[in-house]
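Novice: Could you look at this predicted model? Sequence included:
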Amino acid sequence: QVQLVESGGGLVQAGGSLRLSCAASGLIFSRYGMAWFRQVLGKDREFVAGISFVGSSTSYADYVKGRFTISRDNALNTVALQMNSLKPEDTAVYYCAADLWGAGVQYENRYQFWGQGTQVTVSS
């Protein structure tokens with residue numbers, strides 16, 4: 001079956017960096033647009049960044065633009081999120097998601113598969 005497994009979360013001070021990774025299995029990874037979403041307890045899940053199945057197109061939420069970078073490695077079936085200049089408001093559980101033939105858009109109902117999430121905590 002399809003599995004998306006996130007890793008790389010943790011505790012970091014404001015201004016620091018983290019790199020999240022999502023390892024995919026059970027699917028033809030190169031056919032899937034990938035994205036990162038995040039959720040704070042009690043709030044709606046929100047889009048962070050997405051990358052098309054080809055890898056040529058990326059999109060970012062305004063609140064992370066210029067600080068976060070999404071990338072993919074189709075040979076390793078992984079998608080990464082490099083997070084720099086972290087802020088306390090970036091604290092959330094981060095999820096990766098997969099969308100067949102997707103462009104990495106911000107609409108979460110487009111995504112067929114989801115990981116379990118990894119906690120990112122940014123202290124002030």
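Specialist: Alright, I've got the coordinates.
Novice: so the spatially most central residue of the chain bridges to which residues?
Specialist: Per C-alpha atoms, centre = their mean, the C-alpha nearest to the average position across the chain is that of W36, at 2.2 Å. Under DSSP bridges, the beta-bridge partners of W36 are A49, C96.
Novice: I'd assumed G50 was in contact with it.
Specialist: Yes - the criterion here is C-beta atoms under 8 Å, and W36 meets it with G50 at 7.5 Å. Any C-beta I mention is one placed from the backbone N, CA and C, and that applies to glycine too.
Novice: The closest residue to V48 other than its chain neighbours: what's it in contact with?
Specialist: Once flanking residues are discounted, V48 sits nearest to W36: 4.3 Å by C-beta to C-beta, 6 or more residues apart in numbering. Shown in contact with W36 (C-beta atoms under 8 Å, 6 or more residues apart in numbering): L20, C22, V48, A49, G50, I70, V79, L81, Y94, Y95, C96, A97.
Novice: same thing but at 10 Å, please
Specialist: 6, 20, 22, 47-51, 60-61, 64, 68, 70, 79-81, 83, 94-97, 104, 115 (C-beta atoms under 10 Å, 6 or more residues apart in numbering).
Novice: Brilliant, that's me finished.
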